[in-house]
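> model this:
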Amino acid sequence: MLRLVLSSALLSFATAAIASGAEKPNVLLVVADDLRVELGCYGSAAKTPNLDMLAKRGLRFDRAYCQQAVCNPSRSSFLTGKRPDTLHLWVNGTHFREQNPDVMTLPLWFKENGYETRGIGKIFHNWHTKEKGDRRSWSTDEFLHYANHGDDTPEVKGDLPPNLALNIGRAYGKVPLCERRDVPDEAYYDGRVAAEAVRVLGEVKDRPFFLAVGFWKPHAPFNAPKKYWDLYDPKSIPPLNGSRPQDAPEIAFHDSREILGIPPRQISPNAAQIAEMRHGYLANVSYMDAQVAKVLKALDDHQLRERTIVVFVADHGYHLGEHTLWGKTSCFEYDARVPLIIAPPEMRSAGKATKSLVELVDLFPTLCELAGLKAPAGLEGVSLVPVLNDPSATVKQAAFTQHPRPAYSDRSASGLPDAMGYSARTAAGRYSEWRDWTTGKVLGAEYYDTERVPAELTNRVDDAKAAEPIRAARAALHAMFPPDIPPSKR
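So this is what the prediction gives:
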């Protein structure tokens, strides 16, 4: 039986496989949607036994960050290994190939290097028609539902069980914002995504594959089957601190329209409704965890674990009322930080965690090195193999996240933002600058000693006692996003 061991000399798994006459290592990339760092293995109240078990097989990254906290820009970024400013893509409404018709993608690179590549569920952004997918990246058509999250009406035989969730006062598309029905997993998108992933694993098991499985959850609506709601005692769910950070500039916030509705017709949820939404989010997380388990079990059933690199990641984080915000689209830690677990076969650091700062753009070069492939030119991340070898290793001094204002700038009259926020997360804290889109003038700045106060409750940008960490973080930000270049010129 093939046993691939990562050595301190950075020996790739593919190199080890070639030396033993075995085939290339497989890749299983699992992507969650809108999942902040809310897994049991990270110390969360979320019940995620299956992902916790995966973390014991791999390395848990405690400081992993997305490049923009909204679906399309984030996914386009890490699936091409390029930052949003390089792609000129900061909104959900623009397909990444409209601005970058020939850009290389992660699955396409593996396809060109002899892999069977399959995409199941939400990997690239949730395009609503087949024509808007990225067919060239995959060996066969993607498996999608070609519908929005708000169209996830439960599919059941017979009568639809009653909704036992509290009425929040707002629908999410065509379904209730909170939905607690006694239905099977396959009634919703993610159950069907898991079933298809299991089927495809049986189909591709005898040849090298790159299988990407994208789950919609815990993205709203909060509509996991009832049994996942029942995992939680509402009284045990951590209470909400909804305070805004003291002295933070107004531009750092947004109107939470995805969850609360578009002003002026927004809901103002009461305490019970807020608690119900937070409960529903955790139920969604547990539902997603259960679907991941089905895919991992199929991997084991086909005896593929020892030659498959498994990666679990979220596209970005999420607010559940913290900072008065709901949803994503900010540069705060809740939105920028993501769970990331990388589990190659038989890794020496299995079960450990790392505080090394990493970014999602690092996934492309990392998977290339692990698979023994030469990386394409122009990638803007770095390989994380040194950290997999030694969790105490450092590969970068800062991780960068950005976001435009208005938060959903594709809804503005021009389709362009008024401002761009650029944020650098260092080992000590988070420094952000909000710059005018046209002139580059700084409209507001923030510094949070995030490592000491994770909730980011006080903007210390003018605090002389924080001068040195601010200087270091500002220098890192300016090196990546020079202040003399307006956002519109990048």
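> what number of residues lie near residue 265?
Using other Cβ atoms under 10 Å, residue 265 is surrounded by 8 other residues. (Glycine included, C-beta is placed from N, CA and C.)
> Quick check: which helices or strands does the longest strand belonging to the chain pack against?
In the chain, taking DSSP state E as the definition, the longest strand is strand 209-218. With contacts taken as 3 or more Cβ pairs under 8 Å, 6 or more residues apart in numbering; DSSP states H and E, strand 209-218 sits against strand 26-33, helix 106-112, strand 116-121, helix 189-204, helix 271-301.
> Tabulate the ones you listed (CSV), appending mean neighbour count and distance to residue 154.
Listed next are the helices and strands packed on strand 209-218 as CSV, based on neighbours: other Cβ atoms under 10 Å; distance: least, Cβ to Cβ, whole Å:
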stretch, mean neighbour count, distance to residue 154
strand 26-33, 25, 18
helix 106-112, 21, 30
strand 116-121, 24, 17
helix 189-204, 20, 10
helix 271-301, 21, 12
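> Select, out of these, the one closest to residue 92.
Set against residue 92 and scored by Cβ to Cβ, those come closest in strand 26-33, at 12.3 Å.
> Show residues contacting that closest one.
Strand 26-33 is contacted from outside by 71, 75, 106, 110, 115, 121-123, 208-219, 288, 292, 295, 299, 304, 307-315, 339, 367, 371, using Cβ atoms under 8 Å, 6 or more residues apart in numbering.
> can you rerun that using 6 Å?
Applying Cβ atoms under 6 Å, 6 or more residues apart in numbering, the contact partners of strand 26-33 are 122, 209-216, 219, 288, 292, 307-315, 367.
> Stretch 423-438 too?
Contacts for stretch 423-438 (Cβ under 6 Å, 6+ apart): 65, 251, 331, 398-401, 417-422, 442-451, 469, 473-474, 476-477, 486-488.
> Separate out the buried members of the residues you listed.
With neighbours counted using 16 or more other Cβ atoms under 10 Å, these contain these buried positions: 65, 251, 331, 398-401, 417-422, 443-450, 469, 473-474, 476-477, 487.
> Among these, which ones are in helices?
The members of the buried ones among the contacts of stretch 423-438 that map onto helices under DSSP state H are 469, 473-474, 476-477.
> from those residues, which is closest to residue 101?
Nearest to residue 101 among these, counting by Cβ to Cβ, is residue 477 at 30.7 Å.
> Give the bridge partners for the closest residue to that closest one other than its chain neighbours, please.
Nearest non-adjacent residue to residue 477, counting by Cβ to Cβ, 6 or more residues apart in numbering: residue 424, 3.9 Å away. Counting by DSSP bridges, residue 424 is bridged to residue 400, residue 431.
> Kindly report the same for residue 419.
In this structure, residue 419 bridges to residue 405, residue 436 when assessed by DSSP bridges.
> pretty sure it is touching residue 403, no?
No: at 9.6 Å, residue 419 does not count as touching residue 403 under the criterion of Cβ atoms under 6 Å.
> Would you reformat the ones in helices among the buried ones among the contacts of stretch 423-438 as a markdown table and include distance to residue 159 and pLDDT?
Shown next, in a markdown table, are those (distance: Cβ to Cβ, whole Å; pLDDT from 0 to 100):
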| residue | distance to residue 159 | pLDDT |
| --- | --- | --- |
| 469 | 59 | 98 |
| 473 | 57 | 98 |
| 474 | 60 | 98 |
| 476 | 58 | 98 |
| 477 | 56 | 98 |
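> now, the most widely separated pair of these?
For these, and using Cβ to Cβ, no pair is farther apart than 469 and 477, which are 12.4 Å apart.
> Give me the nearest residue to residue 60, chain neighbours excluded.
Nearest residue to residue 60 in three dimensions, chain neighbours excluded: residue 353, at 4.3 Å (Cβ to Cβ, 6+ apart).
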